[in-house]
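**Student:** Predicted structure and sequence below. I'll ask about it afterward.
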Amino acid sequence: MVSACAQEKSDLSMRAPGAAAAELHPPSPSLSVTPYNSTPRPPRVPSQFNSVRTSRRILALTFDDGPHPELTPRLLDILRQQGIRATFFVVGRNVEAYPDIARRIVAEGHEIANHSWNHPDLTKLGDQGMRREVEDTTAVIERVAGRRPTTMRPPYGAINQRIREALTKEYNLDVILWSVDPLDWRKPGPAVVTQRLVDGAKPGGILLAHDIQAGTIEAMPETIAQLKAKGYGFVTVSQLLALREEPPAPAPATATGPVPPAPTGTLTVP
């Protein structure tokens, strides 16, 4: 699945807010979302997801390509005002450039996740290049924000078996794609971004957006308001994966003919 999840050549020359940013924006209480039952589940093997099966009206709102020095703080203000949590798939070089914003993402209860170091198409890199993109980004997130990512979104959604197996088996990362892409990188305008996200939303959906696009930030208050009006709640990607429901068991087969007679003879058990 390849989407034009383009890394905009934004002006990232401005420095991030000061180290006191997280102190000025202390985390508010998290949305309480619990599984239907408290039975412990066995450890889950990482996999690839566009959405999850659930009967609950919950969504994961995700943002790619930041942190951006101006737009990401504006988005964080909006999410805080709305009382919701999101997942930020960050680019490693931007985390290194704007560490205070990465720390604020975590401090305010959002999930921070791996989106590579330089935003290349991983399928076009050799194994060594791919590993640098993943490992360097995980390392800078851990160093700056104190979190080890458990999810990865390959740039452009470009994935093949080699990359998928490396991410899930070698790095123990869930590969997260999306169920709704508003193509906000094409700058269609805030109203169009809102309409596409709201129209495409379904329970268990993963909504893609970019926090390096000014129009996307402008669209978020109305997008969130309309989704809330439809009864949707918001969780991080990892929360969404934890809440996914197994498909219903198939109905038992029904006999359609006469029951055959029981076998006769001696049953020998070795």
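**Tutor:** Yes, it's here.
**Student:** residue boundaries of the helices in the stretch 151-270 of the chain?
**Tutor:** 161-165, 190-200, 214-229, 237-242 (DSSP state H, counting those that start in this stretch).
**Student:** which one of these lies closest to A107?
**Tutor:** Set against A107 and scored by Cβ to Cβ, the helices of the stretch 151-270 of the chain come closest in helix 237-242, at 17.0 Å. To be clear about C-beta, it is placed using only N, CA and C from the backbone, and glycine gets the same treatment.
**Student:** mind listing what's buried in the closest one?
**Tutor:** Buried residues in helix 237-242, counting neighbours by 16 or more other Cβ atoms under 10 Å, are found at 237-241.
**Student:** Just the residues contacting that helix, thanks.
**Tutor:** Contacts to helix 237-242, defined as Cβ atoms under 8 Å, 6 or more residues apart in numbering, come from residues 33, 35, 44, 49, 52, 54, 58-60, 62, 85, 87, 111, 113, 150-151, 174, 176, 204, 206.
**Student:** now the buried residues of helix 237-242 in CSV, with distance to A158?
**Tutor:** Below are those laid out as CSV (distance: Cβ to Cβ, whole Å):
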residue, distance to A158
V237, 19
S238, 23
Q239, 26
L240, 22
L241, 21
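**Student:** Specify which member of these is nearest to R80.
**Tutor:** Q239 (17.6 Å).
**Student:** mind listing the helices for the stretch 1-150 of the chain?
**Tutor:** 21-24, 71-82, 92-97, 99-107, 127-145.
**Student:** any residues touching stretch 71-80, and which ones?
**Tutor:** 17, 21, 25, 28, 63, 66, 85-86, 88, 98, 101, 104-105, 108, 110, 211-214, 217, 220-221, 224.
**Student:** coming back round to it: of all the helices of the stretch 151-270 of the chain, which one is nearest N94?
**Tutor:** Judged by Cβ to Cβ, the one of these that comes nearest to N94 is helix 214-229, at 15.8 Å.
**Student:** can you give me the mean pLDDT across the closest one?
**Tutor:** Mean per-residue pLDDT for helix 214-229: 98.
**Student:** Sort out which residues of that helix are buried, please.
**Tutor:** 214-220, 222-224, 226-227.
**Student:** what do you get for stretch 46-54?
**Tutor:** 46, 49, 51-52, 54.
**Student:** Need those in a markdown table (columns: pLDDT and distance to D181).
**Tutor:** Listed next are the buried residues of stretch 46-54 as a markdown table, based on pLDDT from 0 to 100; distance: Cβ to Cβ, whole Å:
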| residue | pLDDT | distance to D181 |
| --- | --- | --- |
| P46 | 90 | 23 |
| F49 | 97 | 15 |
| S51 | 97 | 12 |
| V52 | 96 | 17 |
| T54 | 96 | 20 |
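**Student:** Can you tell me which of those is nearest G200?
**Tutor:** Using Cβ to Cβ, the buried residues of stretch 46-54 come closest to G200 at S51, 10.4 Å.
**Student:** Quick one: closest of the helices of the stretch 1-150 of the chain to G200.
**Tutor:** helix 71-82 (19.4 Å).
**Student:** roughly how far is the closest one from the heart of the chain?
**Tutor:** 17 Å (Cα atoms, centre = their mean, to the nearest Å).
**Student:** Burial check on R148, number of neighbours?
**Tutor:** Residues lying near R148 (other Cβ atoms under 10 Å) number 13.
**Student:** and the closest residue in space to it that isn't next to it in sequence, what pLDDT?
**Tutor:** Nearest residue to R148, sequence neighbours excluded (Cβ to Cβ, 6 or more residues apart in numbering): E142, at 5.2 Å. pLDDT recorded at E142 is 98.
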